[in-house]
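Chemist: Predicted model, plus sequence, below.
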Amino acid sequence: MNCPKDWPEPITRVQSLSDTGINTIPERYVKPPSARPSLGPTTTSDDYNIPLIDLKGIYNDNSREKILGHVSDACRDWGFFQVVNHGVRPELMDRAREVWRRFFHEPMEVKQAYANSPTTYDGYGSRLGVEKGAILDWSDYYFLHYLPCNLRDYNKWPALPIELREVITEYSAQVVRLGGLLLKIMSINLGLKDDHLQNAFGGEDNIGACLRVNFYPKCPQPDLTLGLSPHSDPGGMTLLLPDQHVPGLQIRRPDGWITVKPAPHAFIVNIGDQIQIFDDDIYGPTMRMCLMNSNHIFN
């Protein structure tokens with residue numbers, strides 16, 4: 001199947017729409033009634049949240065088994081969990097959020113220089129998929145390949161703000177290290193060698209890692225659209241650095257959708273479709289979506 005070189009319709013940046021101060025969103029962003037966020041059961045209890053797991057002591061024999069058990073339970077019962085004391089420096093997490101926030105507030109001509117296409121998706125984007133006339137999500141994004149190294153193209157990395165490339169290089173390396181640790185934990189919990197899942201995804205030299213930054217501009221009608229439509233992640237695992245101020249991520253549970261409440265300097269871990277294939281459905285992926293808000297949301 002050939003990949004088209006351009007999008008089926010002219011691209012409109014959602015941020016540009018939002019900045020005009022419109023009171024009504026265009027029809028192409030209005031979800032059908034059955035898919036709107038205001039419909040369907042939701043669970044809002046303050047004490048109902050995805051598991052929070054402290055990885056401190058993972059290399060200590062006295063606490064290792066307990067941590068392994070917590071991760072195993074979270075993978076089996078939720079497909080989602082949060083981790084703290086994960087080895088990624090809190091100040092680096094803050095800097096990563098900040099440099100991308102600043103990028104999305106650069107002038108449009110700066111961002112347009114990195115406009116992406118369906119060929120690779122690398123760069124600045126505002127839609128996924130090439131179906132003509134599709135109902136779109138209320139979001140802009142930036143997508144980059146980080147691993148394997150032969151797919152990493154620094155020309156696609158924004159040059160502004162000037163510290164972005166340095167910050168994201170260090171941040172990506174630390175996140176990949178954390179991902180490797182989590183894959184080892186999951187392999188052990190499945191009764192496999194600790195490098196089994198990492199090798200299944202290509203090993204240290206060929207494992208894939210991508211970075212996607214989502215920006216959800218202010219929306220005048222948040223009850224009619226979504227920042228990210230319901231989906232399960234197609235990869236092996238997603239590590240999400242959420243917006244600490246405006247929660248928007250929801251995951252589906254048997255009794256309805258719940259809004260995830262991020263812990264300070266935690267990563268949200270999402271088990272993807274490919275791990276489900278490798279483990280014979282022991283760890284099932286969970287559907288997630290992002291609600292819109294009258295404020296900016298960034299993750």
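Modeler: Yes, it's here. Numbers count the residues shown, from 1 in each chain.
Chemist: C-alpha only now, for contacts and for neighbours.
Modeler: Will do.
Chemist: Need the contact partners of stretch 19-27.
Modeler: Counting by C-alpha atoms under 8 Å, 6 or more residues apart in numbering, stretch 19-27 makes contact with 219-221, all of which sit outside it.
Chemist: Of these - the most surrounded one?
Modeler: residue 219 (28 neighbours; other C-alpha atoms under 10 Å).
Chemist: pLDDT averaged over stretch 88-103, what's the number?
Modeler: On average, the pLDDT along stretch 88-103 is 97.
Chemist: Identify the residues contacting the most centrally placed residue in the chain.
Modeler: With the centre of the chain defined as its mean C-alpha position, the nearest residue by C-alpha atoms, centre = their mean is residue 240, 4.7 Å away. Under the criterion of C-alpha under 8 Å, 6+ apart, the neighbours of residue 240 are 267-270, 299.
Chemist: check contacts around the nearest residue to residue 140 once chain neighbours are set aside.
Modeler: Nearest residue to residue 140 in three dimensions, chain neighbours excluded: residue 126, at 4.4 Å (C-alpha to C-alpha, 6 or more residues apart in numbering). Contact analysis of residue 126 by C-alpha under 8 Å, 6+ apart lists 11-14, 139-141.
Chemist: Any of these buried? List them.
Modeler: In terms of neighbour count (16 or more other C-alpha atoms under 10 Å), the buried residues within these are 13-14, 139-141.
Chemist: Among these, which ones are in strands?
Modeler: Here DSSP state E is the test, and the buried ones among the contacts of residue 126 give 140-141 as lying in strands.
Chemist: hmm, back to that, could you measure from the residue nearest to residue 140 over to residue 114?
Modeler: As for residue 126, its distance to residue 114 is 12 Å (criterion: C-alpha to C-alpha, to the nearest Å).
Chemist: Over to residue 238?
Modeler: Between residue 238 and residue 114 the distance is 24 Å, computed by C-alpha to C-alpha.
Chemist: and the residue lying farthest from the centre of the chain, which of the three is it?
Modeler: The centre of the chain is farthest from one residue, residue 62, which by C-alpha atoms, centre = their mean lies 32.8 Å away. Taken by DSSP: H, G, I helix; E, B strand; the rest coil, the conformation at residue 62 corresponds to helix.
Chemist: helix/strand/coil for residue 34?
Modeler: helix.
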